[in-house]
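*Asks:* Just a sequence and a predicted model for now, questions to come.
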Protein chains: 2
Amino acid sequence: MQEREVAVKFEPSGKAVFVLEYTRLLEAAASAGLTLDQPCGGEGTCGKCRVRFRQGACEPTQVDENAFSAEEIAQGWRLACQAVVVDPAIVEIPASSLLPAQQQILVRTGDVSPTETSPAVRKQYVELRPPERGDDAADLLRLEAAVGPLETDLEALRALPEKLREDRFRGTAVMAGGRLVDFEPGNTESECFAVAVDLGTTTLAAALLDLRSGDQLAVASRLNPQTAFGDDVLSRIEHARRTPQGLNELHEAAVEAIDEMIGQLAAEAAIRRDRVYEVIVSGNTTMQQLFCRIDTRSLGEVPFVAATSRGIRAGASRLGLNIHPRGSVFLMPVIGGFVGGDTVSGILATGLVDEPGPALLIDIGTNGEIVLWADGKLAAASTAAGPAFEGARISQGMRASTGAIDKVLVADRLLLNVIGNVAPVGLCGSALVDLAAELLRHGVLAPEGRLRAGDELPGDAPADLRKRVIALDGRPAFLLVDSPQAGADRAIRVTQRDFRELQLATGAIRAGIVLLLRRAGLAPESLDRVLVAGGFGNFIRRSSAQRIGLLPPEIERRRIRYQGNTSLAGARLAAVSTAARQRAEELARRTEHVDLSCEPDFQTAFAEAMIFPEA
Amino acid sequence: MQEREVAVKFEPSGKAVFVLEYTRLLEAAASAGLTLDQPCGGEGTCGKCRVRFRQGACEPTQVDENAFSAEEIAQGWRLACQAVVVDPAIVEIPASSLLPAQQQILVRTGDVSPTETSPAVRKQYVELRPPERGDDAADLLRLEAAVGPLETDLEALRALPEKLREDRFRGTAVMAGGRLVDFEPGNTESECFAVAVDLGTTTLAAALLDLRSGDQLAVASRLNPQTAFGDDVLSRIEHARRTPQGLNELHEAAVEAIDEMIGQLAAEAAIRRDRVYEVIVSGNTTMQQLFCRIDTRSLGEVPFVAATSRGIRAGASRLGLNIHPRGSVFLMPVIGGFVGGDTVSGILATGLVDEPGPALLIDIGTNGEIVLWADGKLAAASTAAGPAFEGARISQGMRASTGAIDKVLVADRLLLNVIGNVAPVGLCGSALVDLAAELLRHGVLAPEGRLRAGDELPGDAPADLRKRVIALDGRPAFLLVDSPQAGADRAIRVTQRDFRELQLATGAIRAGIVLLLRRAGLAPESLDRVLVAGGFGNFIRRSSAQRIGLLPPEIERRRIRYQGNTSLAGARLAAVSTAARQRAEELARRTEHVDLSCEPDFQTAFAEAMIFPEA
């Protein structure tokens, strides 16, 4: 199957991304850093995610036709949850269609208030008086007289004399937190960029930012190449520990990928790489330490100790990133154990503590993180969900890309949605969640996670489901797509083992939620809101997630809010605002790290969470 | 001639040096950082520099026999200005024989007051509680709980997890100004060293310091290998500018030499090189910039602009010095133009501003620096004396080492002193100054610097001088040693051109003194004291220096005080005391840099200073 890349430009932000043909518009917008509001969870019922195609509109769906007038349809109006990208498109997103928190971030980063949006890196064009007889002040002091006190390292000092004289003492001072980075001949104030990175265990995402305006100029994402060394953080820690060059291999894999992405972003936005002065990295503790080539062995043993919980600043060139030669890297502060910079980013970007609690922030990924905000206190825990939600360790699982079944619905018969309108080749995490929810509803899956077959099946199970429960190597399996229909040679089947993987992943998250709430003496019903973060989290149906117990079944669906990639959003905030960076340090410090394995009820809670909830 | 190295140990300090056989004891003591008081200028008349050989005493001179009883002579008492090192020796120096300023420095550095003697680098042995279930604080925070807040760079952070676990969280934190340098398993508090370096244009000197006690453990000196690229700073700036790899060659030559000296010092004191955590470098502006590989072109053009006037801190390994891999280098702040860190060190180490003025500090070297302290203000100027005082550019000149004529006296006939009691092979700067003074006294040298011959010679000129005025290539010259006596094949002659070099060198210093005094409206007679610094400055006779006008003839001789190598002494203070380092920054900032070439009277003053004073 040939995959075609299609350009989508969003207005009024002007942000542009390249996505695979048939990518859902919601996803394309998310990869441009724009998270649309979908209180209904993308089911097409709330009509919130209204967008207008100025160019490249797809065919309207039935849902679109219910939501809009014929005239509106003709003008290009669609629901983002329904639309797919079929041709190069220009899409207008009204501010009212954006997630409220997202609107707030955009306002914040666009704001000119110096406390909120002064980035760590700033530029100032100056015209200094050249030295002359009777005025032999040193170069650095001459510059300081114009821009204020500066710290310098040897490299910047070495460059200074020649740079100052290149255009007769006229040029642009580049400063990072009071430190002189460079003096660039001419006025380069308009070229001041940073890159924000979400360093996910499975997926890397990066955004190029204009530090003057706070605008996002381009975004990119790709598979984390470290997956070649292990699916989850523990297997990578093990690889780093066991293999002589293991730590270095993991470090280099991540750095090279990020470096390539920076090149890609710079090319896309047509800017010079050496005008990028900072890279902000947000990831879990292990990912951040591996990126820095800091030994992770103590993260692999109880009680899982990080090297530092502060933000780390390091020279970009020392780490192997090709930005400005004296540019730097900032890694977000971490909370403790595996609860890392991505969680701090999430707390920061969602404004979790800006509204009264109790509230939960749940980042669903290979590592799941749960933060509880209640009674003025923050507590966070991580749980090893494993990569099942991202389609890995599932026999015919895949990422949410072309050919993936991403939705499963059971009406009188089984209905599937396939990304890209092609023959299906596998299923992604959201489909597995849907399928489990539907099979539970119809009694085909027992609460303890066993597929029922033959006589065990309830009498009212739809015939279409009934006949799909097959035997595979002597164990029951569920036939999702029969071979003649599938894009691949084989049929698409979900095995008993696959459901067990889902149970483990779901149980890990759920046990974390239960234990955090129990420690605080709270019932799930008391939660004001549940904020869901992470690439995967944004594409599951809330009803399905609640049915299988991944999200608390007890709370009203409208209280569950999708937040997009909050790890990336937090890194972006830290890039454009030193105040945000300080707030991140404060949030990291004040958040209590709860080691779930130390909780007396842990084993029981985990065992209980493995059982799917009763209807 | 085979040169033999002999060990001399000084008590009670315990400092030991290796010097060439026949080195004068004064010089040996100076190279151990001990400057003896010699109000008479080493003429043997004041009897101040009393020392006692416990072992390896030389034969007493006539002066010794006048100064001491027979019993004292037998006990090993000698005057340091008379004694030479002939055998491995142990020499006791009473505190009363040391230069007063020196006594003060020793007291200061030995003092336990935390404000005065807290070095930038400190160590603290700690026993931390290892992480355990329920205590998963990050490594850095665990350490900070014991030693206080720490900044870390990536390298230190990378080393931390393993180092902490090497001896179960017991070990020694190494900190430099709030920054974590290392964590060393075990208690290494007793091994905390720094090296102070005087980076002279012609001569390098280095001292190994124990930062706990402030003691100097070993010293070393050698020719600056940069001399291969040019005698003075301007010719090196030119080399760096003209030659593609010039700057790098000069940088590497200095760094390699210092690195070798560090190795030598460490071997001598039997310490590990990686227990040296800091190198403090004091030199003139050009030398410091070349050492750092900072472009010196703007120091080669009017108005001679430095890259920075602040102290520079850089990573030692980045500069190429093999000390602790995360050790650092601190270069002293500079005043302006060529007036550099060595002058700041001089002001600091001599306590120039601690007593009321007016006072002068004169550092006589290849570059001469003059500081005037008057009316609560400091003003400093540099003058290019050239290397004549160090024996270079003189036809038969040499450094003050074995075989060098170092003293010339005229009684009824010419008397010479040769270092090492060997046949003379050349003359060093102090002999040239002596010779010029004596020839001026006897009218053989005219005040305008011309050697008189034949009829021109005054009638009362001693016969021995008369016959030594010879013709060489048609111009008059002075025959110091006839060929049969000389150790080399040739006779030792001082040419008219040699006297011209001396005139230029002397005139440069003198013009500087005259102009600085004139700007302040002061007469030389009003000077309370003249402090003389620099390797050469300490071995000239004050009477000769005053006679040729190198030091102001108008002031009483007792007001002229030798201070030893104040550049090295200042670097030592900066190593053992952060307060001293701050004071150095303040002194550099408050000292006005006077560009002599901008003074309206400069040309006249220089022309006048070239004429030797009338008797």
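*Replies:* Great, that's in hand.
*Asks:* where in chain A is pLDDT low?
*Replies:* Counting by pLDDT under 70, the ranges of chain A that qualify are A:1-4, A:31, A:33, A:38-43, A:99-117, A:485-489, A:535-538.
*Asks:* quick one, domains of it?
*Replies:* A:5-98, A:120-185, A:193-331 (automatic domain parsing).
*Asks:* gap between the two ends of stretch A:475-492?
*Replies:* End-to-end distance for stretch A:475-492, by Cα to Cα, to the nearest Å: 16 Å.
*Asks:* Pull up the residues of the stretch 51-200 of chain A that are close to chain B.
*Replies:* Applying Cβ under 8 Å from any Cβ of the partner chain, we find that the stretch 51-200 of chain A lies next to chain B at A:131-141, A:152-154, A:157-158, A:160-162, A:165. Yep, even glycine has a C-beta here, placed from its N, CA and C like the rest.
*Asks:* Are any of the residues you listed buried, and if so which?
*Replies:* A:131, A:136-141, A:152-154, A:157-158, A:160-161, A:165 (16 or more other Cβ atoms under 10 Å in any protein chain shown).
*Asks:* among the domains of chain A, which is the most enclosed?
*Replies:* With neighbours defined as mean count of other Cβ atoms under 10 Å in any protein chain shown, the domains of chain A peak in mean count at domain A:193-331, which reaches a mean of 22.
*Asks:* in the stretch 451-600 of chain A, what residue is nearest chain B?
*Replies:* Nearest residue of the stretch 451-600 of chain A to chain B: A:Cys598, at 5.6 Å (Cβ to the nearest Cβ).
*Asks:* Please look at that residue and B:Asp135 and confirm they touch.
*Replies:* No - judged on Cβ atoms under 8 Å, A:Cys598 makes no contact with B:Asp135 at a distance of 10.0 Å.
*Asks:* follow-up on the earlier one: minimum distance to B:Val422: which of the domains of chain A has it?
*Replies:* Counting by Cβ to Cβ, B:Val422 lies closest to domain A:120-185 out of the domains of chain A; the figure is 46.1 Å.
*Asks:* Check the separation of the first and last residues in the closest one.
*Replies:* 21 Å.
*Asks:* And A:Ala477, how far from A:Gly507?
*Replies:* Remark: distance between A:Ala477 and A:Gly507 (Cβ to Cβ, to the nearest Å) = 21 Å.
*Asks:* related to what we said a few turns ago, in helices, which of the buried ones among the residues of the stretch 51-200 of chain A next to chain B appear?
*Replies:* Applying DSSP state H to those, the entries found in helices are A:Asp139, A:Leu140, A:Leu141, A:Leu154, A:Leu157, A:Arg158, A:Leu160, A:Pro161, A:Arg165.
*Asks:* For those, work out which two are farthest apart.
*Replies:* Longest distance between any two of these is 19.1 Å, between A:Leu154 and A:Arg165; criterion Cβ to Cβ.
*Asks:* Tell me the spatial nearest neighbour of A:Ser221, not counting adjacent residues.
*Replies:* A:Ala205 (4.2 Å; Cβ to Cβ, 6 or more residues apart in numbering or on different chains).
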